[in-house]
Structure formats: C-alpha cells, structure tokens
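# My questions concern the predicted model and sequence given below.
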2 protein chains.
Amino acid sequence: MAKIAIMGFGTVGSGVYEIMRKNASGISRKASADIDIKYILDIRDFSSHPENQLFTKSFDDILNDSEVEVVVEVMGGLHPAYEFTKAALEAGKSVVTSNKELVATYGSELLKIAEDNNINYMFEASVGGGIPIIRPLHQCLAANEINQIIGILNGTTNYILTQMIRAGKSFEEALADAQAKGYAERNPAADVEGHDACRKIAILSSLASGKHVDYNEILTEGITGITLEDVHYADSLGYVIKLIGFSDIQADGRVFARVCPMLVQKSSPLAGVEDVFNAIMVKGDSIGEVMFYGRGAGKLPTASAVVADVIDCVKHINKSKHIMWTKTAENFMISADDVYVSYFVRATTDKAFVKNQIPEAEFVSCDGNETVFVTPRDKEGSLNGKLAKIGGVLSKIRILEE
Amino acid sequence: MAKIAIMGFGTVGSGVYEIMRKNASGISRKASADIDIKYILDIRDFSSHPENQLFTKSFDDILNDSEVEVVVEVMGGLHPAYEFTKAALEAGKSVVTSNKELVATYGSELLKIAEDNNINYMFEASVGGGIPIIRPLHQCLAANEINQIIGILNGTTNYILTQMIRAGKSFEEALADAQAKGYAERNPAADVEGHDACRKIAILSSLASGKHVDYNEILTEGITGITLEDVHYADSLGYVIKLIGFSDIQADGRVFARVCPMLVQKSSPLAGVEDVFNAIMVKGDSIGEVMFYGRGAGKLPTASAVVADVIDCVKHINKSKHIMWTKTAENFMISADDVYVSYFVRATTDKAFVKNQIPEAEFVSCDGNETVFVTPRDKEGSLNGKLAKIGGVLSKIRILEE
C-alpha cells in the first residue's frame, strides 16, 4: 500500500482524485501496489465533499506523516508550491507536479534534491497536458542526441489561429470565441503573448540539453499582431501560421530557443495540428523525427499524466530515475542575431526600395499600398538591420525550415 | 559496468552496435553505468570487422557468461530466437528485442518468465520502429483505460498508397517504385498482404488489453486489391485510403482487432501521415486521443529504440517492470459479423437493384458500367449478406469512424 497526498484541489487536483477513484484497480495492477489518497491539501472549504475526511489546510500534516511517500503538487504558482515541494523532497517524499512555472524556474534545484535523496521529482503533466513527452524524451529517445524540438505547445493560441485560418475570424473575434468556450482566460496574456509556451519550451530544452535553460533568456513573441491579411498571404504561399516553441541543441552543447508565430508548410505534420491540440516534434540523430500529438490541456488529460507519474514514483520508491539538468554559470544560449532565418514581410515601402536593400527578396504582391515579400535565408541580425532601413514594416513572420 | 550481448548482426544489430559506439557517453550517463558490448553472435564471418574479437558463433558463450546481464535479440524469425530468448531469460538475463514475430507469438510466455525471474523482456522496437509506443502505452497512459488503437503500422504499404494518391501510380507501379527504393522486399507479401501490420496490432492489442491476442484470429486484408479508381473516388468523397491496424478494447475486456485498407477522412491527423512514416493513435478514457508519429522502420530509428530498452534494462537490473499479458482459454475476440461498419462499394450491378437491397445507400456515381455507393452503418455480417445478394462487387472498403 502506497499513501499519497494531493496538494491543490482545483481542476487538475480534482481530476487526479477522480481518475484515482475511477480506475483504481487498473492503477494498482500497473503500480503493483494499492495506492491510497491519505490527504488533500486545499485552503478552501470542502466540508461537504463525500470524502471530506481527506481534506486538510495544513501542509505539516503531510510533511510530518512518514506514511506519505508521494506528494502531488497541482497548486500552481511559485509560492508556496516551491517551499512545499522542496520540504517534501528533503523529507524523502517523491513529488509529482503539473506546475510548469515551478519546473521551469526551480527545476534544476528540485531535481538535484530528489537525486540526492534517491527519490523522484516528476513533471510529465507540465508540458503538453496528457501527451506523453517528458518520459519519451528522457527514456525512449535516450539513445539519441536530441538536435531539435519544434512544438505547438499552447492550445489556446492554436485554437485562435485555427479559427482565423478556417473561419476567417479576426484575432479579436477568435479570442472572444476562445474565451466564450472556456479555452482562454479573461486575461489571456499568458497564452496569447507566448509566456505559457515559453515555460514549456524552456523545460523541454533543459531536459534535452541537460542544462538549465532560463526562460527569461528565451525570446518570446505572441500572436496578438497576427492579422487576417497575414493568414491569407500565408495560405496563398502554401503555409499556415502557428505559434511555435523552438529549440535547437547544437553539438557543442549551446542552445537556441525561441517562441514566435511562424509560417509552417502545409505539408508539415505540424500544419495539420488544429484547434486546442498540441504537438511536439523531436529530432534526434538516430530517430530522425518523431511527433507526439494530443490534447495539451484539460482536466482529465492533464490529471492522467499526473497519475501516470504517481504510478512510476510508486514503482521507484527509493530509486532515483536520474532525471537531471544542471544550472551552469557559462552563457550557452545562442544569440538570435546569429541564427539563420527567412522572413515573410508586409511593408508600406515601395518595391524598388525593398529591392535595393534586399536584392534577393521574392516578391509576392505589390499593389501600391503594400509590398509583400519573402527574404532570403540570412542571419537574423543582418536581416533585421535591412528591414529597419526599409521601414514601414506592417508584419514580419519567420518561416519554419524543417 | 554492465555487459551486454547482441544476437544477430544484420541491419538492426549493426545499428545497435553503431549507436552504442557513437553515443557511448550520453548512453552511460542516462543508464548511470557504462555499458559494454561483450559478445556479438552471428553465424556469418565477421573476421575482418575492426572489433572481430567480439564475435562468436556459439550462443553458449553468452548463456554461460554470468557477466552478461542484458541480451539484445535482433536475429528475427521464430527459431532459434525463441529458444535463445527463453534460455537467456531463464538464466536471469534481461532480453531486448525488435522481433515482432516472436513477441506476437510467444510474448505472454516470455514475459511471464521475465516476471518470474525478476528481470525484463522489452520490445519497444517491435512496433513502429523508433517511434516510442510500447513504453508510452504501458507507462505514460497507465492511468487510462485504453479503448481503441488505430495505427498506420507498415511503412511499405503507406509509401505505396501515398504514391497512388499523390503521383497517380497504379499499385503495380508504386510497388515497383518501393522495391527500387529498398522500401519493399522482392517478395513483398508480408507487407502488402498486411501480415506485418497484423503482428504489430496483435502486440499493441495484447499490451492494452492485458490478454494475449492471437494474430491468427485477426482478420487481415492487404492493399493488393486497391485500384486508382478507388483512390479517386475516395478523394472526391474527402477521404484517403490507408492500411489501418485497428483494435477496439471493450469495457467487458473483449477485443476486436483487424487489419484492412480503410477510407480515412482527410481532416484526420492519420490522413497526413505519408510515405514511409507510421503513426499510432491511442484513445483512452482520460486522455482522449494521442498520436505518435515517426519513421516506422529503418536501421538507426529501430536500433535507437533497442538501445533505449537496453538502457532501461540496465537501470532495472533485478527489478521487473511488470509488463505482462496472459494467455487465456476463453474466447474474448469479437466476431467481425457483430461489428458496425459502413462500406464504400463499387459494383457492376445497377442502381435500382442496389437500392432494392440497401435502400439507405448513398449513391456516388452510376454511369451504367459501375454503381458506386456508400452503405449505411450496420453490422458487418448483415451488410456482407446484402452485398453478396447484390453481386458484381468490384471493391468494398471500410470507412474509418473516428
């Protein structure tokens, strides 16, 4: 019998409870042990819950109970989630989380504590909701050097872009639609500005490179500037616009990571990822490319990833799985200026002037009001310099090279 | 230091050797131990190989060496792979395989021996080449009841169908093209008749249901009967034709599994899986649907899945991962006659007679020579009876309901 505690009884926490109750026999069989929920920590009142005896408002109940071997942290936010997680790990309890903010910020420290205590800190649910990605990246692709990760990591923005592409809605209309459906928050900044995707690509980059990739160093652009004109031009050129979390892990250990809207070729498997679905493409030296696809959010998908981690923790009591990345002092992040890219550009500047600055530009349309072109592939710093000279840029969107 | 032996130095075996040498440091780090190849078993002569001292022609060298803790079986075929695997497991050595024929045939017995000896029999490479699917199905989706698996499991047939769809080649032309490119064997029966996909869906069905699904009981149709007319009609109706391995795991534990060409809606993520790529969609009660995509074959992708299993075995010396399915006496396979399906049909019979037999048929075309229609969804046994009465059936292809 393994005893666990759930910290946070919000969407994910109540989903974990629900799955543990519903699929109890299958879960016990897979863990080779019965798993019992001993505590649920939440500061709110759940006295009318059918299992109200499980609820506590005191973290110390969990921390001081040596029977509790696995703690599920699904509180969200940095504090007190960080303090609780650290204390639990130091007390020799494995911790499972869906908290991407916490993993992206304190992952290297918390993983080290887990390693030192011969237990585990697991976070499958922190990226891609229920899509298996952390364990495949760490275990199934262990024989590979991972070179690149390209992901559609945020369901809200993918839904909005799909509505713009498929239904011809403007960004504002599509956002309102997403909010009405409950896919977007009333304050949608974390999603539409790319911050959520940024935390996730930081975690994936850290895991793949073995070094802590600070999300503050990841250039992040959201989709608020994308217009229907951009969508239509992209379509005519054979592309769709997606918000892409991108990470390039070089042979010398240096990393380039970014979040931005990109033009994705319609023939790419990523182009067909629509609505709230997420997908993560991973390229390795032996495997070539593999892609993982599914619902990147939602109560039960996310909770099922948490419960899978709980099962794995129970199977590995007192046995570290050695998931690690280290905090390094050296600067190993590559500057965007040095990265090769090509842009799709719409500008009010006339064609002759554009041609003068970028002779190799491929012109898509020049109707007097607007010059639309695609730049050759060049260092981003150099291209940005030329576009600054050209001026009048209405939009510039990077083109994904696969 | 963990010592391993590789049995079979063909395509996959030499790939395993290559990856072990090339990514040695990363592999050691992930396994938390150095991994050393002590023997390579092959009856052929490799005396000019740079590491010829590793080669042996005698299985007993491996079996009797207590230092060897993990054996890689990539010989293929049932015998002597079965006898060698059984002996190695009984001697307390974990075994990793890419041999789908062996896993599909003797999996339940070999997994039981591994469990009894507290070691592991792992077979990630047996399905989907390098695509992580066995471990995700067993571990990452452990909190789910798996309801359905729908897979494009054979790269050769997917390449042939893609050539028919994209380049308008006939089946014979596309097959010759696949053979010229090395994607199809000179005797292509195992691929084009669906036998390869059948072994793979048998393994996935066994893993998901926990019961041995005998591949002899899986209805299997290949793609040799698919014509360009079928492809064009499918296209006009919004479908592409794919060879699908299908498994339905019901709540009462009964299973329906089948391999056959199917009409797949163009909006399905499976429709975009082209050329030699494979994809496996898994539906679970919590997760909704997830899909795994990548190269389903090839030396390095397959070998990288084998090496990942080796790493996992080394991390779990004397610790069974409890991957199991049991051989049951009861008949739990559902008869196709009782399964609901709708058919796309081309027949020489005239429309009036078709309408008389199947009043709800939707007619696509009736040009005098040929009546093309889609049947309503009904029990397959009943539909087959009606189509037998109608007669003159040129082709009937099932439509995938997702």
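Nice, thanks for sending it over. These numbers come from a predicted model, not from an experiment.
# how's chain A carved up into domains?
Here the domain parsing of chain A from automatic domain parsing is A:2-129+A:300-315, A:135-294, A:337-399.
# who wins for proximity to B:Gly15 among the ones you listed?
domain A:135-294 (7.9 Å; C-beta to C-beta). Just so you know, the C-beta spots here come from the backbone N, C-alpha and C atoms, and that holds for glycine as well.
# hey, where'd the helices end up in chain A?
Assigned by DSSP state H, the helices in chain A fall at A:11-22, A:24-31, A:59-63, A:81-90, A:100-116, A:134-135, A:155-167, A:171-180, A:189-192, A:195-209, A:228-236, A:299-315, A:351-357, A:380-390.
# who's in contact with the fourth one?
Helix A:81-90 is contacted from outside by A:7, A:59, A:62-63, A:71, A:73, A:75, A:95, A:97, A:99, A:102, A:105-106, A:109-110, A:113-114, A:117, A:119, A:121, using C-beta atoms under 8 Å, 6 or more residues apart in numbering or on different chains.
# likewise the second one?
The contact list for helix A:24-31 (C-beta under 8 Å, 6+ apart) reads A:2, A:19-20, A:34-35, A:307, A:310-311, A:314-315, B:138, B:142-143, B:145, B:210, B:322.
# Chain B versus the residue of chain A most remote from its centre, what's the distance?
Largest separation from the mean C-alpha position in chain A: A:Ala352, at 41.8 Å (C-alpha atoms, centre = their mean). A:Ala352 is 40 Å from chain B, where distance means C-beta to the nearest C-beta, to the nearest Å.
# swap in A:Ser342?
From A:Ser342 to chain B the distance is 24 Å (C-beta to the nearest C-beta).
# End to end on stretch A:40-48, go ahead and measure it.
Criterion C-alpha to C-alpha, to the nearest Å; first-to-last residue distance in stretch A:40-48 is 14 Å.
# quick one: average pLDDT of that stretch?
In this model, stretch A:40-48 carries a mean pLDDT of 97.
# buried sites along it?
Buried positions in stretch A:40-48, judged by neighbour count with 16 or more other C-beta atoms under 10 Å in any protein chain shown: A:Ile40, A:Leu41, A:Asp42.
# give me phi/psi at the last one?
As for A:Asp42, its main-chain torsions (degrees, to the nearest 10) stand at phi -160, psi 140.
# and the helices of chain A as JSON lines, adding mean pLDDT?
JSON lines is the format used below for these (pLDDT from 0 to 100):
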{"stretch": "helix A:11-22", "mean pLDDT": "96"}
{"stretch": "helix A:24-31", "mean pLDDT": "89"}
{"stretch": "helix A:59-63", "mean pLDDT": "98"}
{"stretch": "helix A:81-90", "mean pLDDT": "98"}
{"stretch": "helix A:100-116", "mean pLDDT": "96"}
{"stretch": "helix A:134-135", "mean pLDDT": "93"}
{"stretch": "helix A:155-167", "mean pLDDT": "97"}
{"stretch": "helix A:171-180", "mean pLDDT": "97"}
{"stretch": "helix A:189-192", "mean pLDDT": "97"}
{"stretch": "helix A:195-209", "mean pLDDT": "97"}
{"stretch": "helix A:228-236", "mean pLDDT": "97"}
{"stretch": "helix A:299-315", "mean pLDDT": "95"}
{"stretch": "helix A:351-357", "mean pLDDT": "94"}
{"stretch": "helix A:380-390", "mean pLDDT": "96"}
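# Please convert those to CSV, extending it with distance to B:Phe171.
As requested, the helices of chain A are exported to CSV (distance: least, C-beta to C-beta, whole Å):
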stretch, distance to B:Phe171
helix A:11-22, 46
helix A:24-31, 43
helix A:59-63, 63
helix A:81-90, 58
helix A:100-116, 48
helix A:134-135, 40
helix A:155-167, 34
helix A:171-180, 43
helix A:189-192, 47
helix A:195-209, 41
helix A:228-236, 34
helix A:299-315, 40
helix A:351-357, 49
helix A:380-390, 47
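# Tell me which of these lies nearest to B:Ser395.
Closest approach to B:Ser395 among the helices of chain A (C-beta to C-beta): helix A:155-167, 32.7 Å.
# Show me what counts as buried in the closest one.
For helix A:155-167, the neighbour count (16+ other C-beta under 10 Å) marks A:Gly155, A:Thr156, A:Thr157, A:Asn158, A:Tyr159, A:Ile160, A:Leu161, A:Thr162, A:Gln163, A:Met164, A:Ile165 as buried.
# Let me have the residues you listed in TSV, extended by distance to B:Leu228.
Below are the buried residues of helix A:155-167 laid out as TSV (distance: C-beta to C-beta, whole Å):
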residue	distance to B:Leu228
A:Gly155	39
A:Thr156	43
A:Thr157	41
A:Asn158	36
A:Tyr159	38
A:Ile160	40
A:Leu161	36
A:Thr162	33
A:Gln163	37
A:Met164	37
A:Ile165	31
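# Quickly name whichever of the residues you listed is closest to B:Ala251.
Closest approach between these and B:Ala251, by C-beta to C-beta: A:Gly155, at 28.7 Å.
# In this structure that closest one contacts A:Ala184, no?
No - counting by C-beta atoms under 8 Å, A:Gly155 stays clear of A:Ala184, with 9.5 Å between them.
# ok so, going back, who wins on neighbours among the contacts of helix A:24-31?
Using other C-beta atoms under 10 Å in any protein chain shown as the neighbour criterion, A:Val307 leads these with 32 neighbours.
# returning to that earlier point: need the domains of chain A in a markdown table (columns: distance to B:Glu370).
Below are the domains of chain A laid out as a markdown table (distance: least, C-beta to C-beta, whole Å):
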| stretch | distance to B:Glu370 |
| --- | --- |
| domain A:2-129+A:300-315 | 45 |
| domain A:135-294 | 33 |
| domain A:337-399 | 44 |
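# out of those, which comes closest to B:Asp367?
The closest of those to B:Asp367 is domain A:135-294. By C-beta to C-beta, the value is 33.2 Å.
# how much distance is there from the closest one to the middle of the chain?
When C-alpha coordinates are averaged (C-alpha atoms, centre = their mean, to the nearest Å), domain A:135-294 and its chain have centres 8 Å apart.
# can you give me the end-to-end distance of it?
End-to-end for domain A:135-294, by C-alpha to C-alpha: 15 Å.
# What of stretch A:266-273?
The first-to-last residue distance of stretch A:266-273 comes to 10 Å (C-alpha to C-alpha).
# repeat for stretch A:57-66
Start-to-end, stretch A:57-66 (C-alpha to C-alpha) is 18 Å.
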